[in-house]
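Peer 1: give me coordinates for this.
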Amino acid sequence: MFSSSQEEHCDPSKDPVKYGELVVLGYNGSLPNGDRGRRKSRFALYRRTKANGVKPSTVHILNTPQASKAVSCKGQHSISYTLSRNHTVVVEYSHDKDTDMFQIGRSTESPIDFVVTDTVAGGQEGEETPITQSTISRFACRVVCERNPPFTARIYAAGFDSSKNIFLGEKAAKWKNPDGHMDGLTTNGVLVMHPKGGFTEESKPGVWREISVCGDVYTLRETRSAQTPGKLVENESNILQDGSLVDLCGATLLWRTAEGLFHTPTQKHLEALRQEINAARPQCPVGLNTLAFPSMQRSRALSSLEDKQPWVYLACGHVHGYHNWGHRSEQEPNAQRECPMCRVVGPYVPLWLGCEPAFYVDTGAPTHAFVPCGHVCSEKSAKYWVEIPLPHGTHAFHAACPFCATQLSLTQACSKLIFQGPID
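Peer 2: All right, here's what the predicted structure looks like:
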C-alpha cells in the first residue's frame with residue numbers, strides 16, 4: 001500500500017511482525033509534496049531484527065552539575081530531572097531484550113524514527129513554516145512495543161536525544177511519586193485519547209488525557225504548558241488501542257493496530273468504489289454533463305480541478321458540475337451560492353475522495369462530504385470523525401476533517417451527497 005519504504009527494520013527472510021501504524025491526521029494518503037524517508041504521512045512499526053528497548057535501572061542523586069554531566073555521558077540511556085541548580089536526579093536505563101522502541105518528533109537526528117512537523121489545516125504543505133514557530137517537541141514521544149504476543153504498544157512522553165538522554169530542566173513540570181520514582185511532563189505535553197469501543201462505527205470518543213515521561217496517565221493541565229500537572233488517573237493506562245489518538249501540540253497521530261488495519265478498506269477497494277461511482281455516470285442536473293471523481297493520485301495532491309470534477313452545494317448535498325451562477329456574495333465567490341435544484345443557499349465546493357484507508361471505520365461507499373472542505377468518505381466514517389474533538393491551540397478542542405485537518409462547521413459538520421443519474 002504505502003509501506004514500500006517502511007521495511008528498514010525487518011528481516012527480509014521472513015514476514016516481519018507488524019505492531020501497527022501511526023498515521024498523521026490532515027493528510028490524504030501522503031504528504032502534499034510526497035513522502036520522503038522518515039518524513040511521511042504514515043509510519044509502520046515492525047518488530048526489529050534486534051531489540052532496542054530500554055527499562056529503568058540505577059537512580060543517581062547528584063548535587064553538582066558536573067556530576068550529572070558525567071553520568072549522562074556514560075553512553076547509557078538516561079533521564080535527568082533537574083530540581084535546582086545543584087540538585088539533579090538521573091535515572092539510568094538499561095537494555096530491555098523484550099521490547100522495541102520507536103521515537104517520534106520534529107528532529108531529523110538519527111534517534112527519531114518518524115519525523116513529524118506541524119500540520120497546516122486545509123492540506124497545504126507546512127514545511128515553509130519557520131521551524132522556530134513549531135510547537136512540536138524535537139524529541140516528542142516514544143512508543144514501546146512488546147516483542148512477544150500480544151505485542152502490546154505503550155506510549156511515553158519525550159524521546160531520547162542523540163546522546164541517549166532526556167533532560168527535564170528546572171522549568172519543566174516534574175515530581176517524585178509516593179513510591180519514590182521521579183516523573184515529569186514535557187513542555188507542551190503529549191495528549192492521548194482512547195475511543196470507547198475501539199475504532200468502529202459504534203465507538204464513542206474517550207476523554208483526552210496527558211501522558212507522563214514514565215507513561216502514567218494524568219488529567220489535562222489548565223493550559224497546554226502550565227507548570228502544574230493534572231491529577232493522576234489510576235484506572236487508565238498508556239497502552240495504545242486501535243483508534244487511539246496521540247496529540248503532539250501541532251500534529252495529531254492515529255494509532256491503528258495490525259489487526260485493525262486488516263479490517264480497513266484497501267487502496268484497491270477505495271479505487272473500486274471511485275470507479276463504481278464514475279461508472280454510474282452521475283450528471284450535473286443543470287449542464288447535463290457527466291461528472292467523474294479524479295484519480296486517487298490527483299485527489300491526494302489536491303491538484304488543479306478537472307473539467308468533470310463534481311462540485312456540491314454543502315447546505316443541501318446536491319452534486320453539480322462547476323458553473324458560475326447563483327452568487328450571493330461578491331467578496332467570497334463560493335461561500336454563498338444558491339442551489340439551482342432547491343434554492344438553498346450555502347457554500348459551493350469541489351468534492352475530493354478521502355484516500356487514506358486508515359481513517360475509514362468501514363468499507364462503505366463514499367456518500368458523505370465533510371463541511372466545509374468537501375472531502376468524501378463513507379457515512380459511518382464521516383459520522384465517527386464528526387464526534388471526535390481534536391486539540392487545537394493551547395486549550396481548545398474541535399472536530400476536524402481527518403483528510404485535511406480543516407475545522408468542521410459547528411452547524412453542519414457533514415452533508416449527504418445527492419447525485420443525479422444519467423437521463424438516457
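Peer 1: can you show me the helices along the stretch 201-350 of the chain?
Peer 2: Ranges of helices in the stretch 201-350 of the chain, per DSSP state H, counting those that start in this stretch, are 258-262, 267-279, 296-301.
Peer 1: would you mind listing the buried residues in the shortest one?
Peer 2: Yep, that's helix 258-262 we're talking about. Neighbour counts using 16 or more other C-beta atoms under 10 Å place 258, 260-261 of helix 258-262 among the buried residues. From N, CA and C alone the C-beta is placed, and that goes for glycine too.
Peer 1: out of the helices of the stretch 201-350 of the chain, nearest to residue 15?
Peer 2: Ranking the helices of the stretch 201-350 of the chain by proximity to residue 15 (C-beta to C-beta) places helix 258-262 first, at 11.3 Å.
Peer 1: what residues does that closest one touch?
Peer 2: 18-21, 151, 198-199, 242-243, 358 (C-beta atoms under 8 Å, 6 or more residues apart in numbering).
Peer 1: let me know the average pLDDT across that helix.
Peer 2: What helix 258-262 shows for mean pLDDT is 94.
Peer 1: ok but residue 58 is inside a strand, no?
Peer 2: Yes. Counting by DSSP: H, G, I helix; E, B strand; the rest coil, residue 58 is found in a strand.
Peer 1: that one against residue 93, yeah?
Peer 2: No. With contact defined as C-beta atoms under 8 Å, residue 58 does not reach residue 93; the gap is 9.1 Å.
Peer 1: of those two, which one has the most company?
Peer 2: Ranked by neighbour count (other C-beta atoms under 10 Å), residue 58 and residue 93 place residue 93 first, with 20 against 12.
Peer 1: quickly list what that one is bridged to.
Peer 2: With DSSP bridges as the criterion, residue 93 is bridged to residue 56, residue 77.
Peer 1: got the contact list for it?
Peer 2: Listed by C-beta under 8 Å, 6+ apart, the contact set of residue 93 reads 54-57, 76-79.
Peer 1: kindly report the same for residue 226.
Peer 2: Applying C-beta under 8 Å, 6+ apart to residue 226 gives the contacts residue 173.
Peer 1: count the neighbours of residue 310 for me.
Peer 2: Neighbours of residue 310 (other C-beta under 10 Å): 26.
Peer 1: straight-line length of stretch 26-43, end to end?
Peer 2: From its first residue to its last, stretch 26-43 covers 15 Å (C-alpha to C-alpha, to the nearest Å).
Peer 1: with stretch 178-191 instead?
Peer 2: End-to-end span of stretch 178-191 (C-alpha to C-alpha): 23 Å.
Peer 1: got the buried residues for it?
Peer 2: Applying a neighbour-count criterion of 16+ other C-beta under 10 Å, one finds 182-186, 188-191 buried in stretch 178-191.
Peer 1: mind putting the helices of the stretch 201-350 of the chain into CSV with distance to residue 408?
Peer 2: Shown next, in CSV, are these (distance: least, C-beta to C-beta, whole Å):
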stretch, distance to residue 408
helix 258-262, 24
helix 267-279, 21
helix 296-301, 19
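Peer 1: and among these, the most buried is which?
Peer 2: Sort those by mean neighbour count, taking mean count of other C-beta atoms under 10 Å, and helix 296-301 sits at the top with a mean of 18.
Peer 1: so what's the closest residue to residue 316 other than its chain neighbours up against?
Peer 2: Nearest residue to residue 316, sequence neighbours excluded (C-beta to C-beta, 6 or more residues apart in numbering): residue 344, at 4.3 Å. Going by C-beta under 8 Å, 6+ apart, residue 344 touches 313, 315-316, 338.
Peer 1: who wins on neighbours among those?
Peer 2: Of the contacts of residue 344, with other C-beta under 10 Å as the count, residue 313 tops at 24 neighbours.
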